[in-house]
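>>> no letters, just coordinates:
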C-alpha cells in the first residue's frame, strides 16, 4: 500500500508541476545548446592565425641568425657602415612566404637608400661571409628558399648556438601553421565548460524561489502528509540526479568533441599512410632501377677485363666501346655515361702517352669557366704522382673526359681507392658533373686481372687491379624521367638527399612546392654501404577542411541534447525503481547473512562435537593400553575405529563449513611432495592389497624436490581421490597416481617423459597398455576443458603449476550422475540401497581445496572401464639453498645405494618405468627389459649388476632357471652375484617364506613401492648377513618425556584426564589446572615446570591471554636479572626464564597457528594425542635437554 500511495502522490505531483517542471530543463538545455553551437561555429569558421609580416629588427634578427648565422651585432654593424651617409633612410626586416623544404617563410632585410646612388655594390658582413647586394632601391639581403632549412634538420646544430647567444628556446614553426587544431580544441573545451557552468547557475537561481515557496507551504500541511512524503526520494537524491543530468550533457559534448578529434586524426593518419605508401613506392622503383643499372655496369667491367685485357691484341677500342655502350644504353636507364680508365704507374706514363698520342690531363682546375666549356685540350697535364687513371674508353655522351686522369679528381680518387680495396661498386658524394653542371654521382668498379683468387685479401685486390670502370648518374634528369612513368605523379613532390653527413645534407633532386607540414622519409640503398640516401616526399596541396569529421560530431551533439531531455523525464521513474531495488538489496543481504550464519553455526557445532569425541577416542586409547582380554580388546578397537570414522566425517563437514564461510586458510611451508605421496600410499596400501589392487605412484623428474604450499591439504586431496578409487574398484586392476609439470602436457607432440608419452598415446590406455594391463580411460580428457591450463598469461617465475592425475580401473561413473559428482552430499548412487557408503562430500571438498590452490579439477569416466581424476595446483618454488625436507633416517641409506645398478624385468612398460623411478630416488640406475628371455641376452652385456627386480606377472620358473644358470656360469670370484627381488601386489607371509626358502629369490617386495619399503628390503638383502651400519635413530617419547614436569591447562575434565593419561604413559609428571588464571599462578617464576600444554578456548581467561601474561612476567623478571635488580638465586638460579607453551586444539588452521605464535606460544599439538604428532611437537624442546 505504501508503494502505491507513493506512486499516486508522485503522479499527482507531476501533473501539478508539469508546466514549470518541463520548462526549466528545456530552458537549461537550450542555453547549453546555444553555448555549444557558438563555440563550434567559432571552431569551424575562425579566421586563420597570422602574424604580422613586419616586425622589429631585433625580433627578425633572431630568425636571420638561425638561417644564415647572422647575429644582431653583425646586422647593426652593417647599418653603422652606412650611418655616415645620408643615403640610408631606413632598415627593415620582413617575412616572405615561400614553399621551401620544411619551412613556410623566409626573412628579407633591406636598407632603403636614396635613389641618387645608382651603382651597385657588394659588401660582406664582417666574419659572416654573406654577400649583400646594393642597388638603387636599397640594400637588400634575401634568404633564398634553399637556405630556409627545416627546424628538424638543423635543430641539433642551431639550437646550441641560439641558447648560447640568446638564452631562449628556439621558436616553434608549427605554431605558424594555418590550422593549429590542438590549441583550438583546448580553448574550445574550456569555453564550453565555462558556458555550461554559467547555464547551470542561471537554472539553479531560477528554480530556487519556487522551491522556497513550496517549503514554506509545506509547513502548514498535515503531519500525515509529511510522513507520507518522507518516504519519497530525498532532496539530496533530487540534486544528485540533476548533477547526473549535467554530467550526461557534458559527457555528450565531450564525446562530440572527441569524435571530431578522432575522425580528424584518422583522416590525417590515412593521409600520412597514403603519403608513406606513395613515397615508399617511388623509393623502391628508383632503388630497383639503380640496382639493375649497377648490375649491368658490373657486367660491363667483366666484359672489359675479358676482351681488353684477356685478349692479345685487345678486342676493344674506343669506337667499339662507344658503339656497344650506346646500343646497350637501354639496359642502364639511369646512367648518363660510362667510361673506362686504365691503371698507369708513373714509370709507364711516358710509354702510355706515346702509344695513345695524348697527354694525361688533370681533372680539377682552378679556372671554373672550364667546367662549363670542358675542353680537354685546355686542361693542365696531370702532376707527377705514383699512379694515374687516364680514361681511354668512354661512351659518346661523356667522350669529353677521355685522357683525363681520374686519380687527380678528389671524388674520383676516393672512389677508385675504395672500389679496388673492397671489390665492390662504390659511389661518390654528389657533385657537379662536367659539362652538364648538374648534381650527380659516379659509380666505380675496379677491373681485376683474371688470375685474382676468389678469397683475395685487400692487398691482393689492389695489386691485381688493372683498371676502373665508372658510370655517371645525372640525378635530377634521371629521377624526373623515372617519376614521369608513375601514376599520380602530380599528387606529391619528391626530394632526394645524400645523408651520409648528417650535419650537412646534400639535396640531389627536388622542388620547393608542396605542403611542408606533412612529410615522409624513405631510405634508399644504392648498393654502397658507406653512402646513405633518403627520399623526402610531401603532398603538393594542403589538407582541406575536415567536413567528414565535423558532420558526425555535430549530429552527436544534437542527439546529446535530445537524450538529455529524455533522461530528465526518466529520472522521475528511476526514483521509484531505486526504492524497489533498495528493498530487494536488503532482502538479498539478509539471505546472504543467513547463509553465512548457517555456515558459521555448522562450523561451531562441528567443533563442539569434536571436543567430546576427542575425549571418547582418548579414553578408548587409554583403555586399549590396559590389560584387556581378546574380546575386550576387540570391543575397544571396534569402538575406537568407529570413533575415528566419525571424527573423519566431522572433519569433512567442518572443512565444508569453513570453505563456505570463507574461514579456511592454507599454509605456505616448504615440503617434499614425493614423501607426501609415499605417506598416502602407505596409509591406503592395506585396503588396496586386500582387494588385490595395484597401487602405483610416479612423479616426473622435472618436478622439483621441494615446493612451497600446504602439504596437509594436498595430502587430503590425494587421500580423498585414492580412497574413492579403492572403494569403487573391484578385485584386481590398478590405481595410478602421477604428477607432472603443466608445461609438460601443454604440447602433446613435444612430450619427453616416457610414462606420460605412453599414457597419452592414441589407443594405448584403451588397449591395456597400463600399469596392470586392464584398460583405462585416456587421461587427456580429464584436463582438456581446463580454462587456465593452456593459457600463458600471469606466468610467475616464482610459481610452478603441477598436474596430478589419479587413474583407476573401477566401475566408472554413470553418465547421468557425472553432472552432480562435485555437489556436496550427492553421490552417483543416492538410493537407500546403494552399494557403496560415504557422505558424498569428499569430492566437493577436494574441488574447493584445489580452487583455493589456484587450480582446477576435472575427470573423465566410462562405466565398466574406470575413471581418471585430474587437478592442477600452483605451488611456490623453494629457495635453492633451502634444505630438502627428507626423512633424516634415509640420508645414510641413500648414500649407501648411490651408484648401484639394477635390472628391472616387467612385461608392462609403464609399470617398469614406475619401478625405475623409485630406484632412481635412491640413486640406483636401472635398465628395463620386458621378459626373462630378454634378460638372458641382456645380463651378459651388463656388468656390476647389484640386483635384479622381477615383477610377479613376468615370473616364469622355466625362463628363470635359464637366467639363474647364466648368472652362475658368468659369476666371477671377485664379483658378488646380483640379488633377486620379486615385486608382488600381495603375498601372505607363508607365500613369502616359501619363495625365499626355495633359493630362487632373495626377497619379496610388496607393492606399492615407496622409499621406506625399498630401503628396508635392500638393506636386508644386500648386507647378506653382515652387520649393517646402524642408522641414526631418534629418541622415542619415553626418553624425551621421562621425568619431565608438564602442566596441562584445560577447562574440560575429560580432556584433562586424556592429556594427563597420554603424557604419563611416556613417563612425564603431570599437573592439571582448569583455567587460565590458575595457570598464570602456577607458571609465575620461579617454578619447576618443563613445559605447558594449554587449551585455547577457556572461560574467564583463554589460552591466548594467559600466554601473553606469562610472557610478560618472564620478560619482566629476565630484565631485572639482567640489570642486577634481582639475583638469579631468587629464581632457582635460572638467569633466563622461558617455559615452552604448546597450544592444545582440535581445530588448528593457519590463522589460529599465526595467532598462537603472535601471543608467544612455541607450537601446538592436536587432540587427541598421537605419538607421532606429540613427538614432533616436543622434540625441539627436549631432544637435546
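Sure thing, it's come through. Values in this document were obtained by computation on a predicted structure and should not be read as measured data. Residues are numbered from 1 along each chain as shown.
>>> which residue ranges of the stretch 251-400 of the chain form strands?
For the stretch 251-400 of the chain, strands defined by DSSP state E, counting those that start in this stretch occupy the ranges 337-342, 344-345, 361-362, 387-388, 391-394.
>>> elements contacting the fourth one?
For strand 387-388, the elements it packs on are strand 344-345, judged by 3 or more C-beta pairs under 8 Å, 6 or more residues apart in numbering; DSSP states H and E. The C-beta positions use only the backbone N, C-alpha and C, and glycine is treated the same way.
>>> the strand it packs on pairs with which strands, parallel or anti?
Strand pairing for strand 344-345, using DSSP bridges, gives strand 387-388 (antiparallel).
>>> pull the distance from the partner strand to the chain's centre.
Chain-centre distance of strand 387-388: 63 Å, with C-alpha atoms, centre = their mean, to the nearest Å.
>>> tell me the domain ranges of this structure?
278-539, 584-664, 666-828+838-881, 894-1023, 1045-1180 (the TED database).
>>> next, the distance between the ends of the shortest one.
Same thing as domain 584-664. Using C-alpha to C-alpha, to the nearest Å, one end of domain 584-664 lies 30 Å from the other.
>>> and the average pLDDT for that domain is what?
Average pLDDT, domain 584-664: 79.
>>> mind checking which of the strands of the stretch 251-400 of the chain is nearest residue 1119?
Closest to residue 1119 of those is strand 387-388 (C-beta to C-beta; 98.7 Å).
>>> could you list the residues in contact with that closest one?
Strand 387-388 is contacted from outside by 343, 344, 345, 346, 349, 360, 382, 405, 407, 408, using C-beta atoms under 8 Å, 6 or more residues apart in numbering.
>>> of all the residues in stretch 896-905, which ones are buried?
Of the residues in stretch 896-905, 896, 897, 900, 901, 902, 903, 904, 905 count as buried by neighbour count, 16 or more other C-beta atoms under 10 Å.
>>> need those residues in TSV with secondary structure and pLDDT, can you?
Listed next are these as TSV, based on DSSP: H, G, I helix; E, B strand; the rest coil; pLDDT from 0 to 100:
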residue	secondary structure	pLDDT
896	helix	82
897	helix	85
900	coil	89
901	strand	90
902	strand	91
903	strand	91
904	strand	92
905	strand	91
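>>> just name the closest of those to residue 309, please.
Nearest to residue 309 among the buried residues of stretch 896-905, with distances taken as C-beta to C-beta, is residue 901, at 74.8 Å.
>>> the closest one is in contact with residue 944, isn't it?
Yes. Residue 901 is within contact range of residue 944, at 5.6 Å (criterion: C-beta atoms under 8 Å).
>>> related to what we said a few turns ago, which pair in the contacts of strand 387-388 has the greatest spatial separation?
345 and 408 (14.9 Å).
>>> thinking again about what came up before, how about the strands of the stretch 251-400 of the chain, which one is nearest residue 959?
Closest approach to residue 959 among these is made by strand 337-342 (89.3 Å; C-beta to C-beta).
>>> mind showing which ranges of the stretch 451-600 of the chain have poor pLDDT?
Within the stretch 451-600 of the chain, the stretches with pLDDT under 70 are 487-490, 599-600.
>>> where exactly do the helices run in it?
Using DSSP state H, counting those that start in this stretch, the helices of the stretch 451-600 of the chain run over 458-464, 475-483, 547-624.
>>> show me what the last one is packed up against.
Using 3+ C-beta pairs under 8 Å, 6+ apart, the elements in contact with helix 547-624 are helix 2-16, helix 18-45, helix 235-304, helix 630-661, helix 1053-1065.
>>> work out the gap between that helix and the centre of the chain.
With C-alpha atoms, centre = their mean, you get 34 Å for helix 547-624.
>>> in a markdown table: the domains of the chain, plus distance to residue 548.
A markdown table is the format used below for these (distance: least, C-beta to C-beta, whole Å):
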| stretch | distance to residue 548 |
| --- | --- |
| domain 278-539 | 17 |
| domain 584-664 | 47 |
| domain 666-828+838-881 | 39 |
| domain 894-1023 | 69 |
| domain 1045-1180 | 63 |
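>>> mean pLDDT lowest for which of those domains?
Mean pLDDT is lowest for domain 584-664 among those, at a mean of 79.
>>> and the nearest residue to residue 341 once chain neighbours are set aside, how many neighbours?
Leaving aside its sequence neighbours, residue 341 sits nearest to residue 389 (C-beta to C-beta, 6 or more residues apart in numbering; 4.2 Å). Residues near residue 389, counting by other C-beta atoms under 10 Å, number 27.
>>> cool, residue 877 as well?
16.
>>> now do the phi/psi pair for it.
phi -90, psi 130 (degrees, to the nearest 10).
>>> give the contact list for it.
Going by C-beta under 8 Å, 6+ apart, residue 877 touches 704, 707, 708, 797, 798, 799, 800.
>>> repeat that for 10 Å
Residues counted as contacts of residue 877 (C-beta atoms under 10 Å, 6 or more residues apart in numbering) are 670, 704, 706, 707, 708, 796, 797, 798, 799, 800.
>>> so what sits opposite it in the bridge?
Assigned bridge partners for residue 877, using DSSP bridges, are residue 707.
>>> gap between it and residue 670?
10 Å (C-beta to C-beta, to the nearest Å).
>>> between those two, what contacts are shared?
Counting by C-beta under 10 Å, 6+ apart, the shared contacts of residue 877 and residue 670 are 706, 707, 708.
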